[in-house]
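**Student:** Sequence first, then the predicted structure:
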Amino acid sequence: MLNGSQSVDRALSLLSRVGRHAAAGAPLSVLVDESGLNKPTVRRLLLALIRAGLVEQDLVTRRYYPGAEAYVLGLMAARRFSLVEICLESLRRLSRRTEDTSFVSLRRGLFSVCLHREEGAYPVRTHALLAGQEHPLGVGAGSLAMLAGLPDEEVAQVLAENAQILAERYPALPPERILERVEETRRRGFSLNPGLIFANSWGIGAALRHPDGQVIGALSIAAIDSRMQEPRQQELAGFLHEEVLRVEEKLAAMFASREEKAAARAISA
């Protein structure tokens, strides 16, 4: 029989796992496998989270998603744990070193949304991507980097679900072409957008990962085409990878600290 603190710990761990599958929803079988708990226990904990508004279940697919109350809590925590705040120093450093515009984007389900753009000093700029704009995953440098960082099965699912919007808004980028670019990105080690959305606006990107390995966003750099040719692509990619490492180290330290505090509270309880 679990005591109260053990039940709370398990419920919160389960909530975190549901959150990791927010884009496609989490089947019960996956939550059972990932948590290491038996099915009746997982069901009981999920029902408690549903009653609290922290988890919702789709009545058709039976998959579990973060609930409305989880969204509210996320908003309340956003300022302290904002990806923009974590990445801002890196973006400023990128734009100083390159004199070009740098960006941080966040994965939001099937899409990528630009959270912040940091201008460089070079007088001719590209305005292809502004804060708040979103693209289907695979469209644009940062978005492509995110998609390329996903498992093959998830890549296929994303492209299938985005097929209609790609056909309507990006006819030059059908799913099969994006899939080719995913493979190129993996071989190259960074994504490259050679003016496919706006002819004179090129970009490169690299994915950002949560400490558990999940792709959460991307850093990218954009410039006019004349400033994004070989061998400068390799130089810019090197700068990007340095800053991705710095950001991921910050994320790892932040979440390690949170887990240490939670463990300390559990011991003292």
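**Tutor:** Sure thing, it's come through.
**Student:** which stretches of the stretch 151-269 of the chain have low pLDDT?
**Tutor:** 257-269 (pLDDT under 70).
**Student:** Contacts only, for the residue nearest the centre of the chain.
**Tutor:** Centrality entry for the chain: nearest residue to the mean C-alpha point is residue 216, 1.9 Å, by Cα atoms, centre = their mean. Neighbouring residues of residue 216 by Cβ atoms under 8 Å, 6 or more residues apart in numbering: 83, 106-107, 208-210. C-beta coordinates here come from the backbone N, C-alpha and C atoms, glycine included.
**Student:** quick one: strands adjacent to the helix or strand hosting it?
**Tutor:** Element membership for residue 216 (DSSP states H and E) is strand 215-224. Strand 215-224 has these partner strands in its sheet, going by DSSP bridges: strand 101-108 (antiparallel), strand 201-209 (antiparallel).
**Student:** how about TSV for those, with distance to residue 31 and mean neighbour count added?
**Tutor:** Shown next, in TSV, are these (distance: least, Cβ to Cβ, whole Å; neighbours: other Cβ atoms under 10 Å):
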stretch	distance to residue 31	mean neighbour count
strand 101-108	21	25
strand 201-209	21	26
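**Student:** Adding distance to residue 69 as columns, could you present these in a markdown table?
**Tutor:** Shown next, in a markdown table, are those (distance: least, Cβ to Cβ, whole Å):
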| stretch | distance to residue 69 |
| --- | --- |
| strand 101-108 | 19 |
| strand 201-209 | 27 |
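**Student:** just how off-centre is the strand holding residue 216 within its chain?
**Tutor:** Offset of strand 215-224 from its chain centre (Cα atoms, centre = their mean, to the nearest Å): 12 Å.
**Student:** Stretch 215-227 too?
**Tutor:** 15 Å.
**Student:** May I see the buried residues of it?
**Tutor:** By 16 or more other Cβ atoms under 10 Å, the buried positions in stretch 215-227 come out as 215-224, 227.
**Student:** Just give me the closest of these to residue 186.
**Tutor:** Lowest distance from residue 186 to these (Cβ to Cβ) belongs to residue 215, with 12.8 Å.
**Student:** Number of residues surrounding the closest residue to that closest one other than its chain neighbours?
**Tutor:** Among residues not flanking residue 215 along the chain, residue 149 sits closest, at 4.2 Å (Cβ to Cβ, 6 or more residues apart in numbering). Residues near residue 149, counting by other Cβ atoms under 10 Å, number 23.
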